[in-house]
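S.K.: A structural model of the following input is requested.
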Amino acid sequence: MTAVHRGPVSRLTRRTLVRANGCGLFIRRFLLAVAAVASLGGLMDVAAVAPASAQSFTYNPLPPRAKPPKAVNDNQMLVQATEVDYDYNNSRVSAVGNVQLFYNGTSVEADKVIYDQKTKRLHAEGNIRMTDADGKITYAEILDLSDDYRDGFVDSLRVDTADQTRMAASRSDRSSGNYTVFENGVYTACAPCKDDPKKPPLWQVKGARIIHDQQEKMLYFETAQLEFFGVPIAYMPYFSTPDPTVKRKTGFLMPGFTSNTPFGYGVEVPFYWAIAPDMDATFNPRITSKQGVLFQAEFRQRLMDGAYQIRVYGIDQLDRSALAGQPGDKQFRGAVDTKGQFALNDKWVWGWDGVLMSDYYFFSDYRLSQYRDPLGSFLYLPTDALSQLYLTGVGNRSFFDARTMYWLSYSGNQSQVPIVYPVIDYSNVLNYPVFGGEFSYKTNFVNLSRDTAVFDPITTLANTNGLCTTVSADPLARTPSQCLLRGFPGTYTRLTAEAQWRKSFTDPFGEIWTPFAILRADAINSSVSNQPGVSNYLPAGDTQALRLMPTVGLEYRYPFVNVQPWGSTTIEPIAQIIIRPNETYAGKLPNEDAQSMVFDASNLFSVDKFSGYDRVEGGGRANVGVQSTTQFDRGGAIKTLFGQSYQLFGMNSFAVQDSINTGVDSGLQRPRSDYVASAAYSPNSTYTFSVRSRMDEQTWNIQRFEAEGRANFNRWSVSMLYGNYAAQPELGYLTRREGILTSGSIKVAANWVVTGSARWDLEANKINQYVLGAGYVDDCFVLGLNYVTAYSYSAGATPPTLNHAIMFQIGLRTLANTATTSSSGGGLQ
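M.R.: Modelled structure (predicted):
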């Protein structure tokens, strides 16, 4: 730049925007110096607790300044100030009065900036504010640094980072170009109070000294304390932690505490090992008061196309007598758990899950993570662990999945759990028409085996007298009213292939016609072990079967639309006729995947109403109903459906008893099915109501009824589900079931929420499960307290037992998040 010389000092006495060239060196050095100090504040994303003499963190906003010009990224400097002075005698350059510097996305504001070429020091003072390209803002009153940025100090430092964390210090000193010491440092992740910015935040951490070693990328805290609303509640004399720029670093993690009767009290001290950028390991020994040290380790590695992990556990038990007579009565116990998934390309993935244990009580006795529910409360304990190897592919109109599965039973009934060697599914919809319609096909292959039969006594008499395993003189004269055969012993192989064609067209009267044709074939080979009682349900020995099911049908719809000033109504009669032969081998083959059967309005027009491939619906059938939809112009809609199904000819598959009575008591077992109906009403986005029911076709008695309502407002929400289900003695439900399940939440204040849910058994007239909770959530703090009661199915324990648990959670953003659970009842000691 060019200036008018007036003696030894040159001055621009009005606000000037200067494109710095000759004086750019000192400004660049100044910016880099401030950036070096500001980056330290940005590191303060972690802290801990202990006493200190620091002042409380307050927020004192600076007065607004002029907007900076658009970012300059051409390595040119922009300087804006009231005056720029050049003192050639003393070799000093000064920018005075509302100084603003802009360079490559970074801006610095101060009252005064001085560079002394003789002492090679940079000095800034008065309302210093620096904003970097990432949005981090650094405030200070005085900054003084050598021009090589190795030594210096900053007074009254405050840093606001882009992730809404804040740090302040009365003074910051830098030495040796590597160490920075923050005196009387204060850290918080909470925003300042809008009504009173000088009020202490919800929580803050104060440290008498915070030392940052940039070479090691470590932060060292001396005499720190944790405060809530300005009140100290916890102290720590010293601790260290990696600075936030470090994503992974070897070291000890936060300890944990737990307790359970088999091992007493335990403390865990995890150690994390960052082996390489793509792999790490965690060693987490648990020191217990009764059984010694439980070793736990986890190894993880991420590869180019996926990731995998392996966990191992092991303990040499000191007191086997605490588990006398139980599966855990062993000297050594342990387990291995692994999982992984890899992508072959953008459409195909393969992976595995695997669990291997010394005994099925191991995860339960030591309350390991694999045995917990998602809340970590052990209230809803799983019944088995799944090991599998799978390959999955997804196309635009196709799907493939193949997997082998092995369930490890937590209840000890391993011989009753099947092994699925593979199950393979493939489906595809052609992207071009065939005879003017849509053509699709699908296949399913399964091969499984089971060692021991799984009987389900459905009456008290059968359970006490052992009728399930009583061999009848007539091999097929079973006792279906006493027992069900949930799983057969032996091996079972089935290959299913199905092709389907359908086409819809609309005639000149607006009627919609949809003819369809389906051809399905099943090749089955079963080998049923002749264990006691099994022959009452299935023929023992080898059975080979070829089951064909050709189907043709026609679906008819005729929508009538009535438009009114308030909205429109569409009434649509629907009729469906299906022609096919009888189901072959009905009730004479194993049924593993079609055991669930619920007939309601959702599957009224399903061509095959069985839920799996092991059963197939046969015989002629007609499904008829009427559907109505009303749409209101001001919002809201009502949708209803009512219908019935008829067995036209041939054998009714739902009237045939198989080993688990699938279809019996379903409402489809008679020539005229029960009536099914549903209605849903949504007046707006706040309320939704729905009703589903099934009525006896002769008496109109309610066989199944569900009513559900939901409301969701800004501050509160509530939902309620009422269910009423008639007795189904053929399926083991000897009495009517009736109950209410409800839940709700209310926002009692800006950050406080109260929640609750309950299940009321109306038949027994008692509430057998409920949850009550309260929580506080804001941008920096989480507090939760829940009381839960629920039934748990502990390993080897029958019948289920009622458990009570209190769960407490507290979280400080960027610092810590912890939860603890206290349980009682059932198997939880």
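S.K.: just checking, Phe342 touches Leu389?
M.R.: No. Using CB atoms under 8 Å as the test, Phe342 is too far from Leu389 to be in contact (12.0 Å). Backbone N, C-alpha and C define where each C-beta goes, glycine included.
S.K.: and for the two, which residues touch both?
M.R.: 350-351 (CB atoms under 8 Å, 6 or more residues apart in numbering).
S.K.: any weak-confidence spans in the stretch 451-600 of the chain?
M.R.: For the stretch 451-600 of the chain, residues meeting the criterion pLDDT under 70 lie at 459-467, 469-481.
S.K.: which stretches of it form helices?
M.R.: For the stretch 451-600 of the chain, the helices defined by DSSP state H, counting those that start in this stretch occupy 460-465.
S.K.: show me where it has strands.
M.R.: 454-457, 483-487, 490-502, 505-506, 512-528, 541-557, 560-564, 567-579 (DSSP state E, counting those that start in this stretch).
S.K.: got these as JSON lines, with distance to Ala679 columns?
M.R.: As requested, the strands of the stretch 451-600 of the chain are arranged in JSON lines below (distance: least, CB to CB, whole Å):
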{"stretch": "strand 454-457", "distance to Ala679": "35"}
{"stretch": "strand 483-487", "distance to Ala679": "34"}
{"stretch": "strand 490-502", "distance to Ala679": "28"}
{"stretch": "strand 505-506", "distance to Ala679": "27"}
{"stretch": "strand 512-528", "distance to Ala679": "23"}
{"stretch": "strand 541-557", "distance to Ala679": "19"}
{"stretch": "strand 560-564", "distance to Ala679": "19"}
{"stretch": "strand 567-579", "distance to Ala679": "14"}
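S.K.: Buried deepest among those strands, which one?
M.R.: Mean neighbour count, computed with mean count of other CB atoms under 10 Å, is highest for strand 483-487 among the strands of the stretch 451-600 of the chain, reaching a mean of 22.
S.K.: Now do it: distance to the chain's middle.
M.R.: Taking the mean of its C-alpha atoms, strand 483-487 sits 35 Å from the chain's own mean (CA atoms, centre = their mean, to the nearest Å).
S.K.: So what touches that strand?
M.R.: The contact list for strand 483-487, computed with CB under 8 Å, 6+ apart, reads 416, 418, 450, 453-458, 462, 467-468, 533-534, 537-538, 592, 595, 659-661, 731-732.
S.K.: run the last query once more with 7 Å
M.R.: Residues outside strand 483-487 that contact it (CB atoms under 7 Å, 6 or more residues apart in numbering): 416, 418, 450, 453-458, 462, 467-468, 534, 537, 659-661, 732.
S.K.: could you list every residue that touches the nearest residue to Met357 once chain neighbours are set aside?
M.R.: Closest residue to Met357 apart from its sequence neighbours, by CB to CB, 6 or more residues apart in numbering: Ala335 at 4.2 Å. The contact partners of Ala335, by CB under 7 Å, 6+ apart, come to 313, 355-358, 362-363.
S.K.: Okay, and which of those residues map to strands?
M.R.: 313, 355-357 (DSSP state E).
S.K.: Now that Ser440 has come up, it's in contact with Tyr426, right?
M.R.: No. Counting by CB atoms under 7 Å, Ser440 stays clear of Tyr426, with 11.3 Å between them.
S.K.: mind checking the SS state of Cys190?
M.R.: The three-state assignment at Cys190 reads coil, by DSSP: H, G, I helix; E, B strand; the rest coil.
S.K.: Asn525 versus that one, what's the distance?
M.R.: According to CB to CB, to the nearest Å, Cys190 and Asn525 sit 67 Å apart.
S.K.: Give me the phi and psi angles of Gln416.
M.R.: phi -90, psi 0 (degrees, to the nearest 10).
S.K.: Distance of it relative to Glu555?
M.R.: In terms of CB to CB, Gln416 sits 42 Å off from Glu555.
S.K.: what do you get for Met807?
M.R.: Distance, Met807 to Glu555, by CB to CB: 51 Å.
S.K.: So which residues lie in contact with stretch 316-331, not counting its own?
M.R.: Against stretch 316-331 from outside (CB under 7 Å, 6+ apart): 262, 290-292, 332-333, 358-362, 365, 412.
S.K.: try it again with 10 Å
M.R.: By CB atoms under 10 Å, 6 or more residues apart in numbering, the residues outside stretch 316-331 that reach it are 261-264, 288-295, 315, 332-334, 357-362, 364-366, 412, 795-796.
S.K.: Off-centre distance for that stretch?
M.R.: With CA atoms, centre = their mean, you get 36 Å for stretch 316-331.
S.K.: Kindly report the same for stretch 621-639.
M.R.: Counting by CA atoms, centre = their mean, stretch 621-639 comes out at 35 Å from the chain centroid.
S.K.: likewise stretch 646-655?
M.R.: With CA atoms, centre = their mean, you get 44 Å for stretch 646-655.
S.K.: Flag every buried residue along the helix or strand where Thr338 lies.
M.R.: Using DSSP states H and E, Thr338 sits within strand 332-343. Residues 333-335, 337-340 are the ones in strand 332-343 that count as buried (16 or more other CB atoms under 10 Å).
S.K.: between the residues you listed, which is nearest Lys198?
M.R.: Lys339 (51.5 Å; CB to CB).
S.K.: In contact with the closest one, which residues?
M.R.: Lys339 makes contact with 307-311, 351-355, 387-388 under the criterion CB under 10 Å, 6+ apart.
S.K.: in the sheet, who's paired with the residue nearest to Met357?
M.R.: Judged by DSSP bridges, the bridge partners of Ala335 are Tyr313, Met357.
S.K.: So it versus Gly325, what's the distance?
M.R.: Counting by CB to CB, the gap from Ala335 to Gly325 is 21 Å.
S.K.: And for Cys190?
M.R.: On the measure of CB to CB, Cys190 and Gly325 end up 54 Å apart.
S.K.: mean confidence for stretch 640-657?
M.R.: The average pLDDT within stretch 640-657 is 96.
S.K.: Just the buried ones from the contacts of strand 483-487?
M.R.: Of these, these count as buried by 16+ other CB under 10 Å: 416, 418, 450, 453-455, 457-458, 462, 467-468, 534, 537, 659-661.
S.K.: Of the residues you listed, which pair is most distant in space?
M.R.: The most widely separated members of the buried ones among the contacts of strand 483-487, counting by CB to CB, are Pro418 and Leu467 (24.2 Å).
S.K.: mind checking which of the strands of the stretch 451-600 of the chain is nearest Gly436?
M.R.: strand 505-506 (8.5 Å).
S.K.: helices and strands around that closest one, which ones?
M.R.: strand 512-528 (3 or more CB pairs under 10 Å, 6 or more residues apart in numbering; DSSP states H and E).
S.K.: I'd like the contacts of Ala335 laid out as a markdown table, including distance to Leu772 and pLDDT.
M.R.: Formatted as a markdown table, the contacts of Ala335 follow (distance: CB to CB, whole Å; pLDDT from 0 to 100):
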| residue | distance to Leu772 | pLDDT |
| --- | --- | --- |
| Tyr313 | 35 | 96 |
| Val355 | 34 | 91 |
| Leu356 | 39 | 91 |
| Met357 | 35 | 90 |
| Ser358 | 39 | 90 |
| Phe362 | 33 | 86 |
| Phe363 | 29 | 83 |
